[in-house]
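Trainee: Got a predicted model here, sequence first, then my questions.
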Amino acid sequence: MITCTHLDQIDVTELPAAIPGCEECLRIGSGWVHLRMCMTCGKIGCCDSSPNKHARVHAAEAGHAIARSAEPGEDWSWCFVDEIAFVVDSRR
Ligand SMILES: [Zn+2]
Ligand SMILES: [Zn+2]
Ligand SMILES: [Zn+2]
């Protein structure tokens, strides 16, 4: 049961064909552990295990609550406001 109230923010469900890495880390020459994609604007950021946590920073700064995993084979999403993980059914 999804209790996230931010699902209407979702605009982007599909990952881009090519992901060079975390946009902000590439800019500052840092590294990342895992990648996340903002489901509102499609921005690629790094996960909470990464030193700069750019996905979380972007969520807070832009007010975009939901990001999905950008790792191969992973389709779960995460709401930074509700702090819950779920899978968005993009086939609807
Ligand atoms: Zn939410
Ligand atoms: Zn980053
Ligand atoms: Zn965004």
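Mentor: Nice, thanks for sending it over. Numbering: from 1, shown residues only. Ligands and ions are numbered 1, 2, ... in the order given.

Trainee: which one is the residue nearest the centre of the chain nearest to, not counting chain neighbours?
Mentor: With the centre of the chain defined as its mean C-alpha position, the nearest residue by C-alpha atoms, centre = their mean is A67, 2.7 Å away. Leaving aside its chain neighbours, A67 sits nearest to R36 (4.1 Å; criterion: C-beta to C-beta, 6 or more residues apart in numbering). Where C-beta positions appear, they are placed from N, C-alpha and C, glycine not excepted.

Trainee: just to revisit the earlier point, tell me if the helix or strand encompassing the residue nearest to the centre of the chain is near ligand 2.
Mentor: In this structure, A67 sits in strand 66-69 according to DSSP states H and E. No. Judged by C-beta under 5 Å from the ion, strand 66-69 and ligand 2 are separated, with a smallest distance of 12.1 Å.

Trainee: And stretch 33-51, by the same measure?
Mentor: Yes. Contact of stretch 33-51 with ligand 2 is found when judged by C-beta under 5 Å from the ion, involving C46.

Trainee: quick one: contacts of that stretch?
Mentor: Where contact means C-beta atoms under 8 Å, 6 or more residues apart in numbering, the residues beyond stretch 33-51 that reach it are 9-13, 15-16, 19, 21-25, 30-32, 52-59, 62, 64-71, 77-78, 88.

Trainee: Now the buried members of those residues.
Mentor: Neighbour counting over the contacts of stretch 33-51 (16 or more other C-beta atoms under 10 Å) leaves 9-10, 12, 15, 22, 24-25, 32, 52-56, 58-59, 64-70, 77-78, 88 as the buried ones.

Trainee: now for the longest helix anywhere in the chain, which elements pack on it?
Mentor: Secondary structure of the chain per DSSP state H: the longest helix is helix 54-62. Contact here means 3 or more C-beta pairs under 8 Å, 6 or more residues apart in numbering; DSSP states H and E; on that basis helix 54-62 packs against helix 23-28, strand 35-38, strand 44-46, strand 66-69.
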